[in-house]
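S.K.: Sharing a model prediction with you, sequence too.
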Amino acid sequence: MSGESFDPRKQELLDAWLAGDASDAQLKEIAALLNEDTPAARVFGQAILDAADDVELARVRVQFISPNTLPVATVAASPLIIAPGDSTSFSAEGIDADGHALAYTWDFGDGSSATGPIQEHRYAAAGMYTAIVSVSDGFDTVLFSVVVDVAGVDRLPVPRISLSDVVAFAGIPFTFDATASTDPQNALAGYDWNFGDGSPSAANAVFSKIYNAIGVYTVALTVTDGEGLRQTISRQIEVLAQEEAATFSGEVRISSTFFPTKADRDTLNIFVRVNLGNVAIVEGSTLALTYAGKRFEAQLDRRLRAPGWTVKANLRRLPVGTVEINLRARRASVSAEFNGLGAGDDALIDVPLRIEAGGQILQILVETEFELNAAGTRGKASGENN
């Protein structure tokens, strides 16, 4: 390497290297110099390469006298079993005996990647994924792996919420029940309730809760099974003023057959039992039910009927003020309100039902199960609150 000079000791080492008779002590000293990350060390190393007839052979010789210790790493992921859409945390803790800085590159096995020792990754689809992290010290790269099991829907626990009434009332206990929840392996291990009002969560399958303020609250239930798999559902709960408790308690049942491509064939059946207190339902009374945004209205005759409507008031063996309303609507044209469903979908949705009777307006959320056939041409819906 013309134009470069070294101190006498380095020149002596270089001469011994070129002559091929360097002693063990000299080779160790050369190795130490080559491992230094300084301008002088880089010039010295380049001189060795430039002086060799075969550059590749020189590189092999340099590696021989200055071997690099491979980095090692401990790799982990938690949790190792998750549901589609959930995330898991990855970590890689590396050690390099030579003191080199380490770089980490992750391949999560689903086409995505990231850099850095700690990562959070979310898998969208079920399957077994091998996440590989490449750990490099600048000289060598070593691969380490960990396997994550993303469980299919058929392995997930199924949360279900039952309520003590169709609405809650401020200051009065209201019961939430998750005992109808199931697990394919019959191994439910835990329940976690979030009541949507900032109060502490609960871990019981059945829990009695008091809301202190009126409003609409989103309640979430997460169930976990023995594998650590979990699934969450949510429902909205309307909390009315305590003074309304005596005038509104009841039962709702809804069923529908709908045809997305032929809405004029849709049918809708709604049964409502509600307590209207001192409000009288008589000939000429106007009733209206609005379900999923579709409004149906009728004016009752002297028999408390209208086309498609049957109403019963002053029922025996029931509290005074209890009224039963039956609506059977043909050509209901409700398909447009369910247009979020795709072919083959099976969904559980809270659907608002608005009841207008005797000058009162009551809003109820009805948990409704929807199923649409594989062709997307016919569906059915059923729901109830009691």
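M.R.: Thanks, I have the structure now.

S.K.: which residues does the nearest residue to Ala241 once chain neighbours are set aside contact?
M.R.: Of all residues not flanking Ala241 in the chain, Ile214 sits nearest, at 5.4 Å (C-beta to C-beta, 6 or more residues apart in numbering). From N, CA and C alone the C-beta is placed, and that goes for glycine too. With contact taken as C-beta atoms under 8 Å, 6 or more residues apart in numbering, Ile214 is in contact with 170, 239-241.

S.K.: which of these tops the neighbour count?
M.R.: Sorting the contacts of Ile214 by how many neighbours each has (other C-beta atoms under 10 Å) puts Val239 first, at 21 neighbours.

S.K.: Give me the residue ranges of the protein where confidence is low.
M.R.: Where the chain drops to pLDDT under 70, the residues are 1-7, 24, 27-28, 31-67, 165-166, 244-249, 337-341, 386.

S.K.: domain ranges for it?
M.R.: Per the record, the chain has its domains at 8-65, 72-152, 156-243, 247-385, by automatic domain parsing.

S.K.: In terms of helices and strands, where is Leu14?
M.R.: For Leu14, the element it lies in under DSSP states H and E is helix 8-19.

S.K.: If you count contacts, what does that helix end up packed against?
M.R.: Helix 8-19 is packed against helix 24-35, helix 39-51, with contacts defined by 3 or more C-beta pairs under 8 Å, 6 or more residues apart in numbering; DSSP states H and E.

S.K.: re earlier: export the contacts of Ile214 to a markdown table and append columns for secondary structure.
M.R.: Formatted as a markdown table, the contacts of Ile214 follow (DSSP: H, G, I helix; E, B strand; the rest coil):
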| residue | secondary structure |
| --- | --- |
| Ala170 | coil |
| Val239 | strand |
| Leu240 | strand |
| Ala241 | coil |
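
S.K.: Tell me which two in these are the farthest apart.
M.R.: Val239 and Ala241 (8.5 Å; C-beta to C-beta).

S.K.: list residues touching both of those two?
M.R.: Jointly contacting Val239 and Ala241 under the rule C-beta under 8 Å, 6+ apart are 169-170, 214.

S.K.: Next up, the contacts around Ala202.
M.R.: 191-193, 195, 209.

S.K.: In ChimeraX, how would I select just the buried ones from those?
M.R.: Entered in ChimeraX, the line below selects the buried ones among the contacts of Ala202, by 16 or more other C-beta atoms under 10 Å:
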select :191,192,193,195,209
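
S.K.: Show me which of the contacts of Ala202 is closest to Asn326.
M.R.: Nearest to Asn326 among the contacts of Ala202: Lys209, at 32.5 Å, using C-beta to C-beta.

S.K.: residues contacting that closest one?
M.R.: Per C-beta under 8 Å, 6+ apart, neighbours of Lys209: 173-176, 195, 199, 202.

S.K.: now Gln11: how far from Trp17?
M.R.: Note on Gln11: its distance to Trp17, by C-beta to C-beta, to the nearest Å, is 11 Å.

S.K.: should've said Glu120
M.R.: Applying C-beta to C-beta, the value for Glu120 to Trp17 is 49 Å.

S.K.: more neighbours, the two?
M.R.: A count of neighbours by other C-beta under 10 Å puts Trp17 above the other of Glu120 and Trp17, at 22 against 9.

S.K.: Please report how far the more buried one lies from Ile30.
M.R.: Distance of Trp17 to Ile30, given as C-beta to C-beta: 6 Å.

S.K.: What of Phe144?
M.R.: Remark: distance between Phe144 and Ile30 (C-beta to C-beta) = 32 Å.

S.K.: neighbour-wise, which of those two wins?
M.R.: Neighbours per residue (other C-beta under 10 Å) separate Phe144 from Ile30, with Ile30 holding more: 23 against 17.

S.K.: ok, the more buried one touching Asp15?
M.R.: No - Ile30 is beyond contact range of Asp15, at 11.5 Å (criterion: C-beta atoms under 8 Å).

S.K.: Ala343: helix or strand, and which one exactly?
M.R.: Per DSSP H and E, there is no helix or strand for Ala343.

S.K.: Then the one 4 residues further on?
M.R.: With secondary structure defined by DSSP H and E, Ala347 is part of strand 346-357.

S.K.: Parallel or antiparallel, which strands does that strand pair with?
M.R.: If you go by DSSP bridges, strand 346-357 pairs up with strand 286-291 (antiparallel), strand 360-372 (antiparallel).

S.K.: Between the two ends of stretch 323-342, how far is it?
M.R.: End-to-end distance for stretch 323-342: 37 Å, by C-alpha to C-alpha, to the nearest Å.

S.K.: before we move on, what about stretch 366-384?
M.R.: OK, stretch 366-384 end separation, C-alpha to C-alpha: 6 Å.

S.K.: Check whether Thr267 really touches Leu327, as I assumed.
M.R.: No - taking contacts as C-beta under 8 Å, Thr267 lies outside contact range of Leu327: 10.8 Å.

S.K.: Looking at these two, which is more packed in?
M.R.: Using other C-beta under 10 Å as the criterion, Thr267 and Leu327 rank with Leu327 on top: 22 against 16.

S.K.: can you confirm Phe207 is in a strand?
M.R.: Yes - under three-state DSSP, Phe207 sits within a strand.

S.K.: what about it, distance to Asn194?
M.R.: For Phe207 relative to Asn194 (C-beta to C-beta), the value is 11 Å.

S.K.: Then Thr222?
M.R.: For Thr222, the distance to Asn194 - C-beta to C-beta - is 8 Å.
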